[in-house]
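Novice: predicted model follows, preceded by the sequence.
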Amino acid sequence: MTSNKIVGSTLIVAGTALGGGMLALPLASAGLGFYPAALLIFVNWALMTYTALLMLEIHQHAEQDATLNSLAKNLLGKPGQYLATFASFFLFYALCAAYIAGGGSQLTNKINDFMSLELTPQFGAILLTIIVATVVSIGTHSVDLVNRVLFSVKIIVLALTLSLLFPHVESINLLEMPVQQGLLLSALPVIFTSFGFHGSIPSIVRYVGVDIKTLKKVMICGASAPLVIYLLWQAATQGVLSQTDLLANNSLTSFITSLSSVLQQPQVSQSVSVFADLALATSFLGVSLGLFDLLSGMMKRANSTLNSNESNSTMSTDGKSHRVKTALVTFLPPLAFALFYPQGFITALGYAAVALVILAIFLPVAMVTKQRKAQTSGYRVVGGNVTLVLASLMGCLIIASQFLQMADVIPAVG
Ligand SMILES: N[C@@H](Cc1ccccc1)C(=O)O
């Protein structure tokens, strides 16, 4: 095993997790205070690392090229497979919708400032979608290229942003307590989504091989990088802005504006803003490529079944027209959401959490439970049934939180 592959895989895990969700953390935890927010971040990290290890436990008895779909089919039958497919689509669409809404208003703001215009956020949403759709439709290679550059710049800008914010942290701000207990529950879905990376586990197993010891290191290190970065980010943002200032913001753009008005230093808010753009762009590229590939495969299969039934059909499944059709199905639904809910960044991340609970908690727990009955040897994640039940309960709590916010029973975040 080359150490290059291990480092590469760890970076894939960390890079997938560290996305646009991070920008929503200060907004979702506004009013919580730093220590309660840090506790929630830690709990979600433990939960997501645990379920990633469950996935490894499942992969150890399967082929190296197993996918979530094939694992679910083998262990849980057709219903498991359908649930996995449905939840994957829901997750990808919800995340793309969040990134278009968040990124669109950021882009509009930039254009408005630069050209002294008064464009609406919808304009930015459409422009951003056209740009990303073009890169994704050209192919994986172009996404890889653009992503590599953006990802490296993103890490540098993050380091710069944190070092600019930290001198302004007031320890008194960090000691504030939750303004309302219900907020603890409300913040759960968004924090949970920000630790999501589980869709990339099968690709990493395929890349590294079924070497559980190495894979365990990759998962634990890959998930710990976002833990450290999120804690620093929370300390920086909750330390610079008071609870009242944080609570007054309901969008990413207003959060960045209030940072600049409190600090009176344009370069700090400029670097936060550039970081936000990069985080949204890299996440949007990565997630929409996943969705595009999933849809492309499905549409090809559907087409070839049609073609074999009508042998004289001349419809081509490759080439330009297929890619254009796939791009439309990939990008139009999330764009429509962002056009109707230009402020829907946090809301869409909350919906993504519901699908992610199915993919990253319920399915792994169900598959491991089934597998443990048949397999008595091999790697087993610690904790036995107790941790399986605890993880499932957390999953129920996250879904409940999202629905209670929709029904206005607990305060909605963002
Ligand atoms: N963690 C990602 C969201 C995500 C969830 C699940 C899988 C992939 C990505 C973010 O913060 O934006």
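Specialist: Here it is on my side, so go on.
Novice: where does residue 176 land in three-state SS?
Specialist: Secondary structure, DSSP: H, G, I helix; E, B strand; the rest coil: residue 176 is coil.
Novice: tell me who's in contact with it.
Specialist: By C-beta atoms under 8 Å, 6 or more residues apart in numbering, residue 176 lies in contact with 33, 34, 238, 242, 243. C-betas here are computed from N, CA, C, even on glycine.
Novice: again, but for residue 361
Specialist: Residue 361 makes contact with 47, 51, 391, 392, 394, 395 under the criterion C-beta under 8 Å, 6+ apart.
Novice: try it again with 6 Å
Specialist: For residue 361, the contact set (C-beta atoms under 6 Å, 6 or more residues apart in numbering) comprises 51, 391, 395.
Novice: between these, which is closest to the ligand?
Specialist: residue 51 (11.8 Å; C-beta to the nearest ligand atom).
Novice: that closest one and residue 363 touch, don't they?
Specialist: No. Using C-beta atoms under 6 Å, residue 51 makes no contact with residue 363, being 9.2 Å away.
Novice: between those two, which one's more packed in?
Specialist: Remark: of residue 51 and residue 363, residue 51 carries more neighbours, 28 against 25, as counted by other C-beta atoms under 10 Å.
Novice: host element of the more buried one?
Specialist: In this assignment (DSSP states H and E), residue 51 forms part of helix 34-59.
Novice: repeat for residue 331
Specialist: Residue-wise, residue 331 maps onto helix 319-340 under DSSP H and E.
Novice: that helix - contacts with which helices or strands?
Specialist: Counting contacts by 3 or more C-beta pairs under 6 Å, 6 or more residues apart in numbering; DSSP states H and E, helix 319-340 packs against helix 68-115, helix 121-138, helix 266-309.
Novice: what's the average pLDDT for that helix?
Specialist: Model confidence over helix 319-340 averages 95 on the pLDDT scale.
Novice: which outside residues touch that helix?
Specialist: Here helix 319-340 makes contact (C-beta under 6 Å, 6+ apart) with 93, 96-97, 100-101, 104, 122, 125, 129, 133, 137, 291-292, 295-296, 299.
Novice: next: stretch 70-88.
Specialist: 58, 62, 68, 69, 355, 358, 359, 363, 367, 370.
Novice: and the pLDDT for the first one?
Specialist: Predicted confidence (pLDDT) at residue 58: the value is 97.
Novice: same deal with the last one?
Specialist: We have a pLDDT of 97 for residue 370.
Novice: what's the neighbour count on the nearest residue to it once chain neighbours are set aside?
Specialist: Leaving out its chain neighbours, the residue that sits closest to residue 370 by C-beta to C-beta, 6 or more residues apart in numbering is residue 75, at 4.9 Å. By other C-beta under 10 Å, the residues close to residue 75 number 20.
Novice: residue 195 too?
Specialist: For residue 195, using other C-beta under 10 Å, the count is 25.
Novice: which of the helices and strands packed on helix 319-340 has the lowest mean pLDDT?
Specialist: Going by mean pLDDT, the lowest-scoring of these is helix 266-309, which has a mean of 88.
Novice: what about the residue in the stretch 101-250 of the chain that the ligand sits nearest to, which SS state?
Specialist: Of all residues in the stretch 101-250 of the chain, residue 196 sits closest to the ligand, at 2.5 Å by C-beta to the nearest ligand atom. Under three-state DSSP, residue 196 falls in the coil class.
Novice: measure how buried it is and give me the count.
Specialist: 25.
Novice: about what we covered before: any chance of the helices and strands packed on helix 319-340 in JSON lines with distance to the ligand as columns?
Specialist: Output for these, formatted as JSON lines (distance: least, C-beta to the nearest ligand atom, whole Å):
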{"stretch": "helix 68-115", "distance to the ligand": "6"}
{"stretch": "helix 121-138", "distance to the ligand": "15"}
{"stretch": "helix 266-309", "distance to the ligand": "5"}
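Novice: ok, which of the ones you listed comes nearest residue 23?
Specialist: Closest approach to residue 23 among those (C-beta to C-beta): helix 266-309, 5.2 Å.
Novice: what's that closest one packed up against?
Specialist: Packed against helix 266-309 by the contact rule (3+ C-beta pairs under 6 Å, 6+ apart) you find helix 68-115, helix 121-138, helix 140-165, helix 252-263, helix 319-340.
Novice: in TSV: those helices, plus distance to residue 304.
Specialist: Shown next, in TSV, are the helices and strands packed on helix 266-309 (distance: least, C-beta to C-beta, whole Å):
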stretch	distance to residue 304
helix 68-115	18
helix 121-138	21
helix 140-165	21
helix 252-263	42
helix 319-340	11
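Novice: of these, which is nearest residue 402?
Specialist: Smallest distance to residue 402 across these (C-beta to C-beta): 10.9 Å, for helix 68-115.
Novice: now the angle between helix 266-309 and the closest one, please.
Specialist: Counting by axes from the mean of the first three to the mean of the last three C-alpha atoms, to 10 degrees, helix 68-115 lies at 140 degrees to helix 266-309.
Novice: return the distance of helix 68-115 from the chain's centre.
Specialist: Offset of helix 68-115 from its chain centre (C-alpha atoms, centre = their mean, to the nearest Å): 8 Å.
Novice: what do you get for stretch 195-203?
Specialist: How far stretch 195-203 lies from its chain's middle: 10 Å, per C-alpha atoms, centre = their mean.
Novice: do the same with stretch 379-392
Specialist: Centroid separation for stretch 379-392 versus its chain: 24 Å, with C-alpha atoms, centre = their mean.
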